[in-house]
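# I need the structure of the sequence given here:
(chains A and B)
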Amino acid sequence: MTGSPLIEVEDLRIDLNDGSRKVPAVESVSFRIDRGETFGLVGESGCGKSITALALIGLLRPPLSIGGGVIRFEGREIQHLSAAKQRALRGNRIAMIFQEPMTALNPVSPVGRQIAEMFVLHKGKSWREANQLAVDALASVRVPAPERRVKDYPHQLSGGMRQRVMIAIALACGPDLLIADEPTTALDVTVQAEIIELMRNLCAERRTAILMISHDLGLVANVCRRVAVMYAGRIVEERGSADIFRSPSHPYTQGLVASLPRLGSRAALGRTRLKEIAGVVPAIASFPDGCRFNPRCAQATDICRTTAPGTDLLGAGGLVRCHHHA
Amino acid sequence: MKLRANLVIGGALFALAILVGLLAPWLAHTDPIMDANLMNAEEAPSWTWWFGTDGQGRDIYSRVVYGARVSLTVGIVSQLINSVIGVALGLSAGYWGGWWDDVVNALTNLMLAIPSLIFALAIMAVLGPGLTSLLIALGLTNWSFTCRIARASALSLRSQGYVQAATVLGYGDMRIMITQLLPNMLGPIVVIGTLGMGSAVLSEAALSFLGLGVRPPFPSWGSMLSEARDQITTAPWLSVFPGLAIFLTVLGLNLLGDGLRDILDPQSRSRRT
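Okay, here's the model as predicted:
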């Protein structure tokens, strides 16, 4: 390990204020990402992975707020920084790309201008310089004929091209951390692979760490060195990505891995049913006592229904939050 | 893209009015104020006096031509003031929300509750007649529609992906409002602005008719109508020609506004792309 981590989250709690009371939507979330590392956060919709990312960049808006815990960026606590200081971090040191490349670009502004704006905003460049840098940025995300493409409007570009532009914008200022929230969900599978490859290469060249957020365990494990699985606002397991497939420890992770279709498996050939996890994710206001997975868990016993499990260390830096882990 | 009839006719009428105003010194036959000659008072339209002459023998054609300057200045400048006020208030209210939104809403409702011409009259009464006070009075009283539109657009635009993306990329509020929200709401604002210019031209005519606008002997279409009202049976050309000028300009602006709405409408825009 390289000494102090780039970003460190300790015991983060995010409250949802539903008018009368505060309900924790995310609780006891801790993880760290080193410089240049790739880290994945996996979970179903509503498990709290996206709001955890928003908390990192200081963009939680009511009814959500940080209820406790510490977020350190390069050893400095950032959750209490002034709005202006947080803004100076966003886009500059911590950048983010989104699920929907269709809507994340301003439709009335040429894409080159939108890239150039980042240099003007964060690096104090003149528009003339910024426009030149925008051409280079487009070239770096392998957009053909970038000097002509900078004048194009978003609607003239395909989905894959738009996501390339988004990556160019996000990486324009050479951030230390790139948060990718479901970056390829809206794209074709073939384009998806290209974009992931591009993102990975560019970040590796610049030693930019990636925090990748997705519901797709297979995709995340492919890209990231370490993966954390979230369930109902808590991290239930954190492992190296090879380990998580080989020997998932938490029953929820085991369920996730078993529910992935594999080419050539009996399930994919239609001979057996694909495994599923019974039940649904509980709503934030009605999280069960004890382990939050217990109503859906086949191995649940009495202790699971009353006591929330602590984190147990596994080999090779893995963590699991289960009373019965393998 | 197919050119629409209302856009072409409206644009042509408005362009004609502006051209007449700009080229007034060359188009006019006589000086609109000084060339009074009682020898040819109240002449009917003829080859010499295209639009006839008034009671002091001044050429109506020349006065209508110079009157275009006043009417269009008032129409364009006062509507620009309205648009700037309306967009600034509506955009910030829609984007920030909260108490500021409540304040702006209350102000807008207040403006909508009082008929704008009455409000303009009150301001004119305080400032006194004249072109500058006319611009101020009309510029401060007709921003409520623009404000409503800007606020509604800002409300819907602020949840758009690219606005949120801009926040995440570290844009400040001002930069978001100017680079992300404003360009995306410009279509309806321009349409409202064009239509507003038409009604500002009418308001100028109304206020000048009431004697609160441009002072005689300087010609404006409204004041010409006002002066002509006693002779409407004996010398109808005195009121017909300035009236026709107002009518054609307002018609042109309304057609132009309609035509612009047709091409700037987001639905018709998405149909084109």
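# doesn't B:L195 make contact with B:N142?
No - shown here, B:N142 and B:L195 do not form a contact pair, counting by Cβ atoms under 8 Å, at 10.5 Å. All C-beta atoms are positioned from the backbone trio N, CA, C, and that covers glycine.
# measure the residue nearest to B:G161 when sequence neighbours are not counted to A:M166 for me?
Leaving aside its chain neighbours, B:G161 sits nearest to A:T103 (3.2 Å; criterion: Cβ to Cβ, 6 or more residues apart in numbering or on different chains). A:T103 sits 11 Å away from A:M166, going by Cβ to Cβ, to the nearest Å.
# which regions of the stretch 201-326 of chain A lie under the pLDDT threshold?
For the stretch 201-326 of chain A, the stretches flagged by pLDDT under 70 are A:264-271, A:326.
# just so I have it, where are all the helices in it?
For the stretch 201-326 of chain A, applying DSSP state H, counting those that start in this stretch gives helices covering A:217-223, A:241-246, A:251-258, A:302-306.
# Which one of those helices lies nearest to chain B?
With Cβ to the nearest Cβ, the closest approach to chain B among the helices of the stretch 201-326 of chain A belongs to helix A:217-223: 20.4 Å.
# about what we covered before: please produce TSV containing the helices of the stretch 201-326 of chain A, extended by mean neighbour count.
Below are the helices of the stretch 201-326 of chain A laid out as TSV (neighbours: other Cβ atoms under 10 Å in any protein chain shown):
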stretch	mean neighbour count
helix A:217-223	20
helix A:241-246	18
helix A:251-258	21
helix A:302-306	14
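# Output these as TSV; include the columns distance to chain B.
Formatted as TSV, these follow (distance: least, Cβ to the nearest Cβ, whole Å):
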stretch	distance to chain B
helix A:217-223	20
helix A:241-246	26
helix A:251-258	28
helix A:302-306	38
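# Adding distance to A:P107, write those out as TSV.
Output for the helices of the stretch 201-326 of chain A, formatted as TSV (distance: least, Cβ to Cβ, whole Å):
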stretch	distance to A:P107
helix A:217-223	28
helix A:241-246	37
helix A:251-258	37
helix A:302-306	50
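# what about those helices, which gets the closest to B:V168?
helix A:217-223 (20.4 Å; Cβ to Cβ).
# So which bits of the helix ranked longest in chain B are buried?
In terms of residue count, the longest helix belonging to chain B (DSSP state H) is helix B:60-96. Within helix B:60-96, the residues that count as buried by 16 or more other Cβ atoms under 10 Å in any protein chain shown are B:60-83, B:85-95.
# what about the helices in the stretch 101-250 of chain B?
Going by DSSP H, counting those that start in this stretch, the stretch 101-250 of chain B shows helices at B:116-127, B:131-139, B:144-157, B:161-168, B:173-175, B:182-209, B:221-228, B:237-264.
# out of these, which comes closest to A:A139?
When those are compared by Cβ to Cβ, helix B:161-168 sits nearest A:A139, at 21.9 Å.
# quick check: mean pLDDT across the closest one?
The pLDDT scores in helix B:161-168 average 88.
# So which residue is dead centre in chain A?
The residue lying closest to the centre of chain A (Cα atoms, centre = their mean) is A:I213, at 2.3 Å.
# So if I had to pick from A:T103 and A:M166, which one is more boxed in?
More crowded of A:T103 and A:M166, by other Cβ atoms under 10 Å in any protein chain shown: A:M166, with 28 against 18.
# Can you check the pLDDT for that one?
91.
# Against A:R292, how distant is the nearest residue to A:S30 once chain neighbours are set aside?
Excluding the flanking residues, the one nearest A:S30 by Cβ to Cβ, 6+ apart is A:E10, at 5.1 Å. A:E10 sits 20 Å away from A:R292, going by Cβ to Cβ.
# higher neighbour count, the two?
Taking neighbours as other Cβ under 10 Å, A:E10 and A:R292 compare with A:R292 leading, 24 against 15.
# Can you tell me the closest non-neighbouring residue to that one?
The nearest residue in space to A:R292 (Cβ to Cβ, 6+ apart) is A:A232, at 4.1 Å.
# Likewise for A:A180?
Distance criterion Cβ to Cβ, 6+ apart; nearest residue to A:A180, sequence neighbours excluded, is A:M212 at 4.8 Å.
# The residue sitting nearest the centre point of chain B and A:D188: what is the separation?
Among the residues of chain B, the one closest to the centroid is B:M197, at 1.9 Å (Cα atoms, centre = their mean). Shown here: B:M197 relative to A:D188, a distance of 49 Å by Cβ to Cβ.
# and what of A:G46?
Separation of A:G46 from A:D188 (Cβ to Cβ) stands at 26 Å.
# okay but B:S116 is in contact with B:N142, surely?
Yes - using Cβ under 8 Å, B:S116 makes contact with B:N142 at a distance of 5.3 Å.
# higher neighbour count, these two?
B:N142 (26 against 21).
# and that one, backbone torsions?
The phi/psi pair for B:N142 (degrees, to the nearest 10) reads phi -120, psi 30.
# residues touching it, list them.
B:S78, B:Q79, B:N82, B:S116, B:G196, B:S199, B:A200, B:S203 (Cβ atoms under 8 Å, 6 or more residues apart in numbering or on different chains).
# Now B:I123. Nearest residue, chain neighbours left out?
For B:I123, the spatially nearest residue (Cβ to Cβ, 6+ apart) is B:A137, at 4.0 Å.
# what's the distance between that neighbour and chain A?
Distance of B:A137 to chain A, given as Cβ to the nearest Cβ, to the nearest Å: 34 Å.
# Who are the contact partners of that residue?
Contacts of B:A137 (Cβ under 8 Å, 6+ apart): B:F119, B:A120, B:L121, B:I123, B:M124, B:L127, B:L207.
# The same query, at a cut-off of 10 Å, please.
Going by Cβ atoms under 10 Å, 6 or more residues apart in numbering or on different chains, B:A137 touches B:74, B:78, B:116-117, B:119-127, B:203-204, B:207, B:212-213.
# Give me the buried entries from these.
B:74, B:78, B:116-117, B:119-121, B:123-124, B:203-204, B:207, B:212-213.
# now the residues you listed in JSON lines, with pLDDT?
Shown next, in JSON lines, are those (pLDDT from 0 to 100):
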{"residue": "B:V74", "pLDDT": "89"}
{"residue": "B:S78", "pLDDT": "93"}
{"residue": "B:S116", "pLDDT": "86"}
{"residue": "B:L117", "pLDDT": "86"}
{"residue": "B:F119", "pLDDT": "88"}
{"residue": "B:A120", "pLDDT": "89"}
{"residue": "B:L121", "pLDDT": "89"}
{"residue": "B:I123", "pLDDT": "90"}
{"residue": "B:M124", "pLDDT": "88"}
{"residue": "B:S203", "pLDDT": "88"}
{"residue": "B:E204", "pLDDT": "86"}
{"residue": "B:L207", "pLDDT": "86"}
{"residue": "B:L212", "pLDDT": "83"}
{"residue": "B:G213", "pLDDT": "78"}
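# Could you dump those into a markdown table with distance to B:Q164 added?
Output for these, formatted as a markdown table (distance: Cβ to Cβ, whole Å):
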| residue | distance to B:Q164 |
| --- | --- |
| B:V74 | 42 |
| B:S78 | 37 |
| B:S116 | 37 |
| B:L117 | 42 |
| B:F119 | 39 |
| B:A120 | 41 |
| B:L121 | 46 |
| B:I123 | 41 |
| B:M124 | 46 |
| B:S203 | 41 |
| B:E204 | 44 |
| B:L207 | 46 |
| B:L212 | 49 |
| B:G213 | 48 |
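# Wait, A:L187 touches A:M199, no?
No - checked against Cβ atoms under 10 Å, the pair A:L187 and A:M199 is beyond contact range at 12.0 Å.
# who's more crowded, the two?
More neighbours surround A:M199 than the other of A:L187 and A:M199, with 26 against 20 (other Cβ under 10 Å).
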